[in-house]
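> Provided below for reference: sequence and predicted model.
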Amino acid sequence: MSYQTIRYDLADGVAVITLARGAVMNALNGAMRAEITAALHRAGSEARVVVLTGEGRAFCAGQDLGDTADAGDLDLERVLREEYTPMLTALHDCPVPVIAAVNGVAAGAGANLALATDVVIASETASFLQAFARIGLMPDAGGTWFLPRLVGQARAMGAALFADRISARQAADWGMIWEAVPDVDFEHHWRARAAHLAAGPTRAFRAIRQAMLAGAGNGLAAQLALEAELQGALGQTRDFGEGVAAFLAKRPPVFEGR
């Protein structure tokens, strides 16, 4: 499949989806949203880990307001329902871990696209910005769902109301992201992290994602039942047998994802 707004590279079980509209800081237009959605579905069937990153100096500047002749005529409800929702649903439902390698500014819907992934690794010069109030809007693209769960209501509300820029280091300190990495080490680091996951127990990772995501809506009894069900299935896998054998033999495990 050919892409016009992104690049898709698959090697050693790692699918890297690069937002490739660097001239406009990888701002999201309709074509890019559709291509990200398609690439996520593709990666879910052929990769063991997915990395979402950006070209040039930005991760993603959010909605491309220049994508329409008159931003005031943009039907935001339609765009959110018909274009953002499928993209974010594909991200949420991806059966393998998804890393956001945030190489620069992540603003508006671009910030929330990153926060929708499983793990966010950012370069130290990257930043996050809930920019919506600056143009008379509220956070969307899942921002009102993801952000309070990550940083708490007080910080999420302040970030949305004041639209202050949050540095990668501050985001890591808040628990908004997993880690902030020096720029000189950034690409090597996220590639090493992705390779680690790609060599890991894929079915266990799927179960981890399923349980963690379900936990937000489950009561304790339902969550304990889900853990028992998923763990019981994992106990029958080849990877579990290999993990135990490797532990007893004091050697690194060789997981096959089954």
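All right, it came through fine. Numbering: from 1, shown residues only.
> Mark out where each domain of this protein begins and ends.
Per automatic domain parsing, the structural domains of the chain span 6-198, 202-249.
> Tell me which of these lies nearest to residue 258.
Among those, domain 202-249 comes nearest to residue 258, with 5.2 Å by C-beta to C-beta. All C-beta atoms are positioned from the backbone trio N, CA, C, and that covers glycine.
> Give me the distance from the closest one to the chain's centre.
Chain-centre distance of domain 202-249: 21 Å, with C-alpha atoms, centre = their mean, to the nearest Å.
> same question for that domain, mean pLDDT?
Domain 202-249 shows a mean pLDDT of 95.
> re the thing from before, mean neighbour count, the domains of the chain: which tops it?
Among the domains of the chain, domain 6-198 has the highest mean neighbour count (mean count of other C-beta atoms under 10 Å), at a mean of 19.
> distance between the ends of it?
22 Å (C-alpha to C-alpha, to the nearest Å).
> swap in stretch 107-127?
8 Å.
> Let's test this: mean pLDDT of it, rounded?
98.
> centre of the chain versus it, how much separation?
Distance, centroid of stretch 107-127 to centroid of chain: 8 Å (C-alpha atoms, centre = their mean).
> Let me see the contact set for the residue nearest in space to the middle of the chain.
Centrality entry for the chain: nearest residue to the mean C-alpha point is residue 117, 1.9 Å, by C-alpha atoms, centre = their mean. Each residue near residue 117 by C-beta atoms under 8 Å, 6 or more residues apart in numbering is listed here: 52, 91, 98, 99, 100.
> if we go to 10 Å?
50-52, 91-92, 94, 97-102, 146, 177-178 (C-beta atoms under 10 Å, 6 or more residues apart in numbering).
> what about it, distance to residue 49?
11 Å (C-beta to C-beta, to the nearest Å).
> Overlap in contacts, these two.
94, 97, 98, 99.
> could I get the domains of the chain as CSV with distance to residue 258?
Shown next, in CSV, are the domains of the chain (distance: least, C-beta to C-beta, whole Å):
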stretch, distance to residue 258
domain 6-198, 11
domain 202-249, 5
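> which is the next helix or strand following the longest helix seen in the chain?
As assigned by DSSP state H, the longest helix anywhere in the chain is helix 30-46. Counting by DSSP states H and E, the next helix or strand C-terminal to helix 30-46 is strand 49-54.
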